[in-house]
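Peer 1: Test case, fold it:
(one chain, ligands or ions: 1)
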Amino acid sequence: MGFTDISRWKRIIVILFIAATVYSFLPLIPFWFMEGAGPDDNNQANVEKLRDNRGAYFSFIVFGDNHAGLIFNDASTIKEIWHMNREDRFWKVPIDFVLSAGDITLDGKRPHFLAYKKLQKLIKFPVIAAIGNHDDRQLFEEFCGDKEFSFSNRNSYFIVLDNEGGQLGESQFRWLEEQLRKGQEYDHIFIAMHKPPFDPCQQEWYNMDNQPWAYRFRKLCGRYNVDMVFTGHKHMFKHERFDGVDNIVTGGGGMLIEIPEADGGYLHYVRVMVNHDYVTYEVRKISPPLWEYLTYYLGKEAMYWFRNLYGSGYIFGRNTRIERQRVAGLNDCEYWLWK
Ligand SMILES: [Fe+2]
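Peer 2: Below you'll find the predicted structure:
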């Protein structure tokens with residue numbers, strides 16, 4: 001093989017690589033021009049669609065933190081949706097609905113909600129969403145409907161809670177316990193809300209584990225035999241068990257992920273399967289579109305690799321001093337004295 005042959009192959013490989021990168025961008029173009037789902041395609045309406053489901057063998061999908069309204073996020077979510085829509089192939093088990101654990105928008109602006117409604121339309125199953133801390137409360141009601149509600153599907157009871165503010169209040173606990181009592185008539189109870197009742201990424205500044213509501217919530221779930229609690233907020237996958245309750249953090253629905261892949265920082269959704277008295281789940285890890293891998297994810301992992309040469313830890317965290325000060329309610333002077 002001559003020298004010119006090698007350079008010709010190199011050129012072909014480069015051209016194929018560029019073509020694959022451009023191809024990975026294409027799904028965004030029709031997305032920009034499409035119409036979204038209507039505001040009446042909301043939580044209440046989608047719960048109604050489950051009414052006639054029968055049998056005790058079914059599946060549902062959970063994702064979180066798609067943060068619609070940023071090109072990087074939407075491209076990843078579109079790719080995830082392509083996979084979600086194929087989950088019912090082979091007609092093995094019906095996929096009854098898709099549940100979002102909140103942060104459906106980048107930052108709660110109207111255009112972000114409009115982008116979310118397009119994503120919702122791309123999902124071929126009914127979508128039910130919890131509110132996240134990035135979703136404007138009024139606009140969420142306008143586009144998605146109820147923020148706190150419960151519903152039944154086949155042999156299971158589902159409770160959706162609104163804890164975007166960071167905790168659950170006294171009246172919410174009363175309502176939750178009422179729902180948990182109702183849920184005893186079913187084989188399974190599932191809860192969805194945005195913020196996890198524990199720390200899925202303990203090296204981060206945000207600390208939930210030692211908050212009284214979180215402990216109380218976990219104990220309550222244990223007492224009433226909740227099967228699974230789905231949350232998002234942290235852009236990662238994490239599974240923990242408290243008092244026999246599976247706690248699943250699924251915040252990999254599209255938002256640019258800042259946590260290292262090795263710690264659970266990857267794009268994914270979760271598919272849950274209920275078979276009479278059994279509940280199982282699978283994590284569907286989705287690779288980002290090639291253009292996004294090259295412009296962000298490759299660099300993110302490289303940063304952690306370099307970071308680990310001389311230290312370790314989470315690089316994208318907020319300024320620790322400012323956050324500690326904020327949490328403790330101290331001004332600059334008090335902080336340094338306290339320190
Ligand atoms: Fe988020």
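Peer 1: In the chain, where is pLDDT below threshold?
Peer 2: Within the chain, the ranges that satisfy pLDDT under 70 run 1-4, 205-206, 311-339.
Peer 1: residue boundaries of the strands in it?
Peer 2: The residue ranges that make up the strands of the chain, judged by DSSP state E, are 57-63, 95-100, 127-129, 149-153, 156-160, 188-192, 228-231, 237-242, 245-250, 268-275, 278-285.
Peer 1: Just the CA trace of the second one, in CSV.
Peer 2: Only the C-alpha atoms of strand 95-100 are listed here, as CSV (Å, rounded to 0.1, in the frame of the first residue of the first chain):
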residue,chain,number,x,y,z
ILE,A,95,-45.5,0.8,29.0
ASP,A,96,-48.3,2.6,30.8
PHE,A,97,-46.8,6.0,31.2
VAL,A,98,-43.7,8.2,31.7
LEU,A,99,-43.1,9.9,34.9
SER,A,100,-40.9,13.0,35.3
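Peer 1: Which secondary structure elements does it sit against?
Peer 2: Here strand 95-100 touches strand 57-63, strand 127-129, going by 3 or more CB pairs under 8 Å, 6 or more residues apart in numbering; DSSP states H and E. From N, CA and C alone the C-beta is placed, and that goes for glycine too.
Peer 1: out of those, which comes closest to residue 90?
Peer 2: strand 57-63 (12.1 Å; CB to CB).
Peer 1: right, so the helices and strands packed on strand 95-100: which one is the most enclosed?
Peer 2: With neighbours defined as mean count of other CB atoms under 10 Å, those peak in mean count at strand 127-129, which reaches a mean of 28.
Peer 1: Partner strands of that one, with direction?
Peer 2: Counting by DSSP bridges, the strands paired with strand 127-129 are strand 95-100 (parallel).
Peer 1: Report the contact partners of the residue lying closest to residue 50 once chain neighbours are set aside.
Peer 2: Distances taken as CB to CB, 6 or more residues apart in numbering put residue 153 closest to residue 50, at 4.6 Å, once the chain neighbours are dropped. With CB atoms under 8 Å, 6 or more residues apart in numbering as the criterion, the residues that contact residue 153 are 50, 53, 58, 60, 96-97.
Peer 1: Residue 265: which of the residues you listed is nearest?
Peer 2: Distances from residue 265 to those, taken as CB to CB, are shortest for residue 60 (24.1 Å).
Peer 1: Tabulate the helices and strands packed on strand 95-100 (TSV), appending distance to the ion.
Peer 2: Below are the helices and strands packed on strand 95-100 laid out as TSV (distance: least, CB to the ion, whole Å):
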stretch	distance to the ion
strand 57-63	12
strand 127-129	13
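Peer 1: Quick one: closest of the ones you listed to residue 120.
Peer 2: Evaluated over the helices and strands packed on strand 95-100, closeness to residue 120 peaks at strand 127-129, with 4.9 Å, by CB to CB.
Peer 1: contacting residues around the closest one?
Peer 2: In this structure, residues lying in contact with strand 127-129 by CB under 8 Å, 6+ apart are 41, 43, 46-47, 97-100, 102, 104, 120, 144, 151, 158, 160.
Peer 1: and if we set it to 7 Å?
Peer 2: Outside of strand 127-129, the residues that reach it under the criterion CB atoms under 7 Å, 6 or more residues apart in numbering are 43, 46-47, 97-100, 102, 104, 120, 144, 160.
Peer 1: can you pick the most crowded of these?
Peer 2: Among the contacts of strand 127-129, residue 104 has the most neighbours (other CB atoms under 10 Å), with 36 neighbours.
Peer 1: Now for the nearest residue to that residue once chain neighbours are set aside: which residues touch it?
Peer 2: Nearest non-adjacent residue to residue 104, counting by CB to CB, 6+ apart: residue 116, 4.7 Å away. Each residue near residue 116 by CB under 7 Å, 6+ apart is listed here: 68, 104-105.
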